[in-house]
Each structure stands twice: as structure tokens, then as C-alpha cells.
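# pasted the sequence and its predicted model underneath.
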Amino acid sequence: MNDVKLTVLGGEGTGKSALIVRFLTKRFIGEYASNFESIYNKHLSLEGKQLNLEIYDPCSQPQKAKFSLTSELHWADGFVIVYDISDRSSFAFAKALIYRIREPQTSHCKRAVESAVLLVGNKQDLCHVREVGWEEGHKLALDNRCQFCELSAAEQSLEVEMMFIRIIRDILTNFKLKEKRRYSGSKSMAKLINNVFGKRRKSV
């Protein structure tokens, strides 16, 4: 069974916890305590594979607070970044989160493959008070090599499910790329060793 670790990030009030619970239970709950962190587990089958999905929902951070994401970057295979389309400040915070994830990798957190990231504009049901355009979200995602969608946790259960399946598929694709690179690297190392020691044997 493959372990898939997903972290959902976003400012307070963006509905990130509501999205997770909607995906896991198909129920919508509007109010959550933002000062608790949770890890949810779900077993699912996708592309013929049995998956053990872990979803980390950290405490909501004040949108003006400094954040490091160091532990999340080490732990997660992928990220869902959530903003509220009716709150421009939540979009600015989502942008800062994406920039942090996409920063040039430091030596203590190197990855063979770039993390899968999906940017979500939530609360599409509040489009009559929209402050962030669809084009803005799409451009931010495109510029930072992320997937993008807009939806409503309150009204669109199927769309929420498909959004999570989409990011999980991206993570599985990354797993395949890592394995391919690892295999390619092992072959290259074996060839190098064979060349070095083969020449030495011939010279004896």
C-alpha cells in the first residue's frame, strides 16, 4: 500500500477544513475551531493501487504572521493551498505560501521532484461579492507550476472530491518520476563503477 501525505494550507476562514471534511464525509460543516491541528486518514483505491492517504490540516495562521513551513515541506508529498475568492487578503496569503513552497530548495530539504501543488479558490457560491478574479488565480498557479480550480465546499461535493483526486494523481505521477530517476541514477553509478574497476582489472 502506498502512503500519500497531503497538507492543506490557507488563511483563517478560507474553508480549508470544510474542504477536507467534505471530501472525507460528503458533509458540509461551516464552522471549525481554527486553533487545532488534525491529521485525517483515508484508504482509497486509485489507478489500481491501494492508497493510505494522510491529510494534515494545521492550525490556521494569522495572514500577517511569519511562517516557515519547514516541517510541512519535509513531511508532505503535495499541497492544497486554499483562498477565499471574496477575500483578497486570503489570496495574498496563498501567494506567499506558494512562493515559500517554490523557493529554491535549501540543502536540508532537497527533493528529487518538485512537490505537487494545487491552488483552490474556495467559496465560489459567494461570486456576487468576489474580490479575486478567476484569471488572477489561474495566472498565479500557472506562473508557479501549480494546478488550479475554483469551487464551493458548501455546494459542490463532487467537485471537491475531484479536486482531491486530481492532486493525489499528481503526487502518484511524482512517485513514478522519483522511481525512474532513482533507477536511472543507479544504472549510471553501476556503469561508472564498472568502467573504473574494469579498467583497473585490465591494467593488472
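Received, thanks.
# where in the protein is pLDDT low?
33-35, 61-67, 105-112, 182-204 (pLDDT under 70).
# strands of that one, start to end?
Under the criterion DSSP state E, strands of the chain are mapped to 2-10, 38-46, 49-57, 78-84, 116-122, 147-150.
# any chance of these in a markdown table, plus distance to I167 and mean neighbour count?
For the C-beta atoms, the positions are set from N, CA and C on the backbone; glycine is no exception. A markdown table is the format used below for the strands of the chain (distance: least, Cβ to Cβ, whole Å; neighbours: other Cβ atoms under 10 Å):
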| stretch | distance to I167 | mean neighbour count |
| --- | --- | --- |
| strand 2-10 | 7 | 21 |
| strand 38-46 | 11 | 12 |
| strand 49-57 | 10 | 17 |
| strand 78-84 | 5 | 26 |
| strand 116-122 | 4 | 26 |
| strand 147-150 | 7 | 20 |
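# will you turn those strands into a markdown table that also has distance to T70?
Shown next, in a markdown table, are those (distance: least, Cβ to Cβ, whole Å):
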| stretch | distance to T70 |
| --- | --- |
| strand 2-10 | 12 |
| strand 38-46 | 17 |
| strand 49-57 | 14 |
| strand 78-84 | 14 |
| strand 116-122 | 17 |
| strand 147-150 | 24 |
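# doesn't V120 make contact with E150?
Yes. With contact defined as Cβ atoms under 8 Å, E150 and V120 form a contacting pair (7.4 Å).
# ok, which of the strands of the chain comes nearest F175?
Within the strands of the chain, the stretch nearest F175 is strand 2-10; the backing value is 7.1 Å (Cβ to Cβ).
# contacts made by that closest one with the rest, please.
Residues outside strand 2-10 that contact it (Cβ atoms under 8 Å, 6 or more residues apart in numbering): 16-17, 19-20, 49-58, 60, 69, 72, 75-83, 90, 93-94, 97, 122, 164, 167-168, 171-172, 175.
# what do you get if the cut-off is 6 Å, keeping everything else the same?
Contacts to strand 2-10, defined as Cβ atoms under 6 Å, 6 or more residues apart in numbering, come from residues 16, 20, 49, 51-57, 72, 75-82, 97, 168, 171.
# quick check: closest non-adjacent residue to D87.
Leaving out its chain neighbours, the residue that sits closest to D87 by Cβ to Cβ, 6 or more residues apart in numbering is E131, at 6.2 Å.
# give me the number of residues near the one you found?
Neighbour count of E131, defined by other Cβ atoms under 10 Å: 15.
# check the gap between it and A94 for me.
Look at E131 and A94: by Cβ to Cβ, to the nearest Å, they are 13 Å apart.
# and Y83, by the same measure?
For Y83, the distance to A94 - Cβ to Cβ - is 4 Å.
# what's the answer for E161, then?
On the measure of Cβ to Cβ, E161 and A94 end up 21 Å apart.
# ok, the two, which is more surrounded?
Between E161 and A94, counting by other Cβ under 10 Å, A94 is the more crowded of the two (26 against 14).
# grab the nearest non-local neighbour of E114.
The shortest distance from E114 to any non-neighbouring residue, by Cβ to Cβ, 6+ apart, is to R145 (6.7 Å).
# tell me how many other residues surround the one you found.
Residues near R145, counting by other Cβ under 10 Å, number 12.
# quickly note the distance from it to K16.
Relative to K16, and taking Cβ to Cβ, R145 is found at 21 Å.
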